[in-house]
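Peer 1: Requesting a structural model of the entry that follows:
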Amino acid sequence: MRFLSWLKSGRQKVWRVEKMVSLVVATTSDPASIGPASALLAMSSDWCPGPKLQDISTFLNGRVRLLKQDRGIVEEDNLDKRWEELTGEIVDEIIFLSKHVAVSNRPAVTVHPIGVPHLQSQEECTAGGKPGWAGPPCPRIGPWLRFMKTIAEAHNLTPEFEVTLEATHHGPVVSKPAMFVEIGSTEEYWKRQDAAQVIALVVWQGLGLDGGNGVGNWTEDQEGKKVLVGIGGGHYVPRHMDIVWKEDVWVGHLLSGYSLPMEEPSLKKKEYHFNDIGGTWKDAIKVAVATTREAFPGAEVLVHLDRASRVGNEVCSLSFCHKRTYQLANLMTFCNPLEALCNHVHPTPKAFTLYSDKCMIGYNLNFLK
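Peer 2: Model (predicted):
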């Protein structure tokens, strides 16, 4: 994949094309990480040792750089900048291989963006990252979710393993588009060789190491395409997933309810203005939209509300209270044959378009400026 950025010059856009490399990061301390990495290395004799990045071993194949570290997967910050400083190469994207932990203990393979945009400066980041930060989401997230399902089915990993998205969470800190690809949810499944092989195949073919074009390349041909940012819902974002399963849907950040903290207003009113509601929910949405736009140059970023969730419903309800920015839009579909989405109001630099799959209304939310 080549990184494509565009520069604004009045009304004109100029695309700049630069050769890039992809970083795939694994840790020896995690069987769900080193397992797929080892399977990936075993797929070809074309891998060769690369330069040491401090104490991190590296392997090179085409435009892919596999980094094998000993520390925890969220403990090594700024790997993209460190690699660029070491080699002079420009990092396009970072793909982290990791284990997934869930209370349900259910076997799963997952993908998700990273960040903790809801945390305040005094709050501790227990799983990496830094307060108020979200990394640009890797454009491959949506296409790889669908591709992973295809590979998992072909290798009989499903229905035992669920294939799912997760909401944006944890670190490490990076500046380039990033995603986590995980195996869950207990040690028994972290060590499963069939799951490791599926992940390795997704990376191998997804990055074009098989000689193909790869999966999920964001190019100038995609300019103007719609990219979904999900607001509200649980950690596995089921209502946003309903949309993402459709072909040609691109995915940005996914903020579940816990990433949209709201504080009760001190004064009781019949109707609340958005400024009455404290908490970091607005900041989290702003960061999520801004970094998604950064990751998808030339895209149209749309925000999808899970109205069935408490937080998604509250965000939607608050927009009704801000009469100056509320606009009713015509009905449309995000991608055929999905129904129950709305025609958008074209976003401006200080306005974001939100969609509700329940109330069939689009919102232009200038209040996020």
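
Peer 1: what helices or strands is the helix or strand containing Ile285 leaning on?
Peer 2: Using DSSP states H and E, Ile285 falls within helix 281-295. Packing partners of helix 281-295 (3 or more C-beta pairs under 8 Å, 6 or more residues apart in numbering; DSSP states H and E): strand 226-231, strand 250-255, strand 300-305, helix 310-321. All C-beta atoms are positioned from the backbone trio N, CA, C, and that covers glycine.

Peer 1: Lowest average pLDDT across these?
Peer 2: In terms of mean pLDDT, the lowest-scoring of those is helix 310-321 (a mean of 45).

Peer 1: Low-confidence stretches in the stretch 151-300 of the chain?
Peer 2: Scanning the stretch 151-300 of the chain with the threshold set as pLDDT under 70 gives 259, 261-280.

Peer 1: wait, what's in contact with Met43?
Peer 2: With contact set as C-beta atoms under 8 Å, 6 or more residues apart in numbering, Met43 has these partners: Ala200, Trp204, Leu209.

Peer 1: Kindly state the pLDDT recorded for Gly132?
Peer 2: Taking Gly132 on its own, its pLDDT is 72.

Peer 1: That one touches Val173, doesn't it?
Peer 2: No - Gly132 is beyond contact range of Val173, at 11.5 Å (criterion: C-beta atoms under 8 Å).

Peer 1: Which one of the two is surrounded by more residues?
Peer 2: Higher neighbour count among Gly132 and Val173: Val173, with 21 against 18, using other C-beta atoms under 10 Å.

Peer 1: For that one, grab phi and psi.
Peer 2: Per-residue torsions, Val173: phi -70, psi 130 (degrees, to the nearest 10).

Peer 1: same question, Thr110
Peer 2: Torsion angles, degrees, to the nearest 10, at Thr110: phi -130, psi 160.

Peer 1: what about the closest residue to it other than its chain neighbours, which helix or strand?
Peer 2: With sequence-adjacent residues excluded and distances taken as C-beta to C-beta, 6 or more residues apart in numbering, Thr110 is closest to Glu182, at 4.6 Å. Per DSSP H and E, Glu182 falls inside strand 178-185.

Peer 1: can you give me the helices in the chain?
Peer 2: Using DSSP state H, the helices of the chain run over 31-41, 79-87, 141-154, 187-190, 193-206, 238-244, 281-295, 310-321.

Peer 1: of those, which approaches Thr110 most closely?
Peer 2: Among these, the nearest to Thr110 by C-beta to C-beta is helix 141-154 (8.7 Å).

Peer 1: just to revisit the earlier point, close enough to count as contact, the residue nearest to Thr110 and Val101?
Peer 2: No - judged on C-beta under 8 Å, Glu182 makes no contact with Val101 at a distance of 9.0 Å.

Peer 1: what's the residue nearest to Thr110 in contact with, if anything?
Peer 2: Contact analysis of Glu182 by C-beta under 8 Å, 6+ apart lists Ala32, Leu97, Ser98, Lys99, His100, Ala108, Val109, Thr110, Val111, His112, Glu166.

Peer 1: let's go with 10 Å and repeat that
Peer 2: Shown in contact with Glu182 (C-beta atoms under 10 Å, 6 or more residues apart in numbering): 30, 32-33, 36, 73, 96-101, 108-112, 164, 166, 190, 195, 199.

Peer 1: try Trp133
Peer 2: Ile114, Gly115, Val116, Pro117, Leu119, Cys125, Gly171, Val173, Val174, Val287, Thr291.

Peer 1: Leu157 too?
Peer 2: 107, 109, 148-149, 151, 163, 183, 192, 194-195, 197-199.

Peer 1: Pull the most distant pair out of those residues.
Peer 2: Longest span within these, C-beta to C-beta: Lys149 and Arg192, 17.0 Å.

Peer 1: got the CA coordinates for the longest strand seen in the chain in CSV?
Peer 2: Among all segments of the chain classified by DSSP state E, the strand with the greatest residue count is strand 91-101. Extracted in CSV, the C-alpha atoms of strand 91-101 (Å, rounded to 0.1, in the frame of the first residue of the first chain):
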residue,chain,number,x,y,z
VAL,A,91,5.7,4.0,8.3
ASP,A,92,2.3,3.7,6.7
GLU,A,93,0.5,1.6,9.4
ILE,A,94,1.0,-0.5,12.5
ILE,A,95,-0.7,-3.8,13.1
PHE,A,96,-0.4,-5.3,16.6
LEU,A,97,-0.9,-9.0,17.2
SER,A,98,-2.2,-9.7,20.7
LYS,A,99,-4.4,-11.8,23.0
HIS,A,100,-8.0,-10.8,23.8
VAL,A,101,-9.4,-11.2,27.3
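
Peer 1: List the pairing partners of that strand within its sheet, with orientation.
Peer 2: Paired neighbours of strand 91-101 in the sheet (DSSP bridges): strand 21-27 (parallel), strand 178-185 (parallel).
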